[in-house]
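*Asks:* Got a sequence here, can you model it:
(one chain, ligands or ions: 1)
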Amino acid sequence: MSDDGASPDDGSSSTDGATPPDAAAEFVVELRGVTKEYRSASETVVALDDVDFTVRPGEFVAVVGPSGSGKSTMLNVLGLLDVPTRGEQYLRGRDVTALTDEEGTDARKRAIGFVFQDFHLIPTLTATENVELPTLFDGHVAGTDEDPTARARDLLSRVGLGDRLDHDPTQLSGGQKQRVAIARALVNRPALVLADEPTGNLDRETGATILEEFRRICDDGVSVVAVTHDELVTRFADRTVELVDGVLREREAGEPTDDVGFSASTDGGNEAADGESDDADVMGGESDDANGPAESEPVAEDER
Ligand SMILES: Nc1ncnc2c1ncn2[C@@H]1O[C@H](COP(=O)(O)OP(=O)(O)OP(=O)(O)O)[C@@H](O)[C@H]1O
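*Replies:* Sure thing, here's the model as predicted:
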């Protein structure tokens, strides 16, 4: 694992009284018997039902399931944006089940990055400024005294955008915007990247290049959990779990995929190849075909 890819710190040095994290924790995240209910006057919806879930360092896990099965709820719980009704939750060995809002925000900032379907870039900021955004409040990379601008530029170069540092998002293709979003997710050196339909607005080939980027992130020891309707994501993931009515189960290798709400294709974008080739070591490590999709279709040249 390179020094640059990940040096996760989830606030272990904080004196907030929470259980201290174990630096050698077996799991980046762990849900134990997590149930999430949404209660209103007329009904109670069980969005997550006694879910056990673990992710190891450097693992890429796809979460699939029909609409309304609890995928977004699970991502929100994993991202410390929502709290379980019952059960326990650990982040790098630290019990984060009952953090205060402030503690949760701090832990999230230090340990978790987010990637969204529609990129969530600020159109009036350059690519570099967008990547720096999560550091703005503190003025430095979380848990370090590292200069955010230097870190942002380095990350953008690593995802193949070294020649787009000062471009606005409007000057970037969909795939390039998602690369900026990935760089932004990594700026605070997270242990975990949570992705919500990361290929949802991209055509298949561009989506594949983004998934290759996730694989490189994982090669550097960062874990990725991607919620998706896109069957392609499961081909790049180390394993796939499936939610049905809030109940989670592991999908066996080779299991049919046509009953879990997959979209037929991800044809939303209109990416054009610009002829640049993929970097072999974008995230500071060697590209590792052994970790790539065992059965994926040929991936066209990167659209960058
Ligand atoms: N804030 C809320 N209040 C009440 N019910 C909610 C709330 N958020 C989600 N739900 C319900 O919880 C269940 C799970 O929703 P969730 O959004 O997690 O599913 P999903 O698998 O992400 O769906 P989709 O694929 O359509 O985005 C659904 O029945 C939904 O209606």
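
*Asks:* Tell me the residues of this structure that contact the ligand?
*Replies:* Listed as neighbours of the ligand in the chain under the rule C-beta under 6 Å from any ligand atom: 38, 45, 47, 65, 67, 68, 69, 70, 71, 72, 73. Using the backbone N, CA and C atoms, a C-beta is placed for each residue, glycine as well.

*Asks:* State the distance from the fifth one to residue 227.
*Replies:* So the one you mean is residue 67. 12 Å (C-beta to C-beta, to the nearest Å).

*Asks:* These two: which is more packed in?
*Replies:* Ranked by neighbour count (other C-beta atoms under 10 Å), residue 67 and residue 227 place residue 227 first, with 25 against 8.

*Asks:* Tell me who's in contact with the more buried one.
*Replies:* 63, 64, 71, 72, 74, 75, 194, 195, 196, 197 (C-beta atoms under 8 Å, 6 or more residues apart in numbering).

*Asks:* Surely residue 107 touches residue 97?
*Replies:* No: distance between residue 107 and residue 97: 11.6 Å, which falls outside the contact criterion (C-beta atoms under 8 Å).

*Asks:* Have a look at these two and say which one is more surrounded.
*Replies:* Neighbour totals were compared for residue 107 and residue 97, and residue 107 leads with 23 against 18 (other C-beta under 10 Å).

*Asks:* Now do the SS call for that one.
*Replies:* helix (DSSP: H, G, I helix; E, B strand; the rest coil).

*Asks:* Give me the pLDDT for it.
*Replies:* At residue 107, the predicted lDDT confidence score is 93.

*Asks:* same check, this time on the one 3 residues further on
*Replies:* The model reports residue 110 with a pLDDT of 89.

*Asks:* how about the helix or strand hosting it: buried residues?
*Replies:* Residue 110 is part of helix 101-111, with elements assigned from DSSP states H and E. Across helix 101-111, burial judged by 16 or more other C-beta atoms under 10 Å covers 103, 104, 106, 107, 108, 109, 110, 111.

*Asks:* possible to save these as TSV with distance to residue 162?
*Replies:* Below are the buried residues of helix 101-111 laid out as TSV (distance: C-beta to C-beta, whole Å):
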residue	distance to residue 162
103	37
104	35
106	32
107	32
108	29
109	26
110	27
111	27
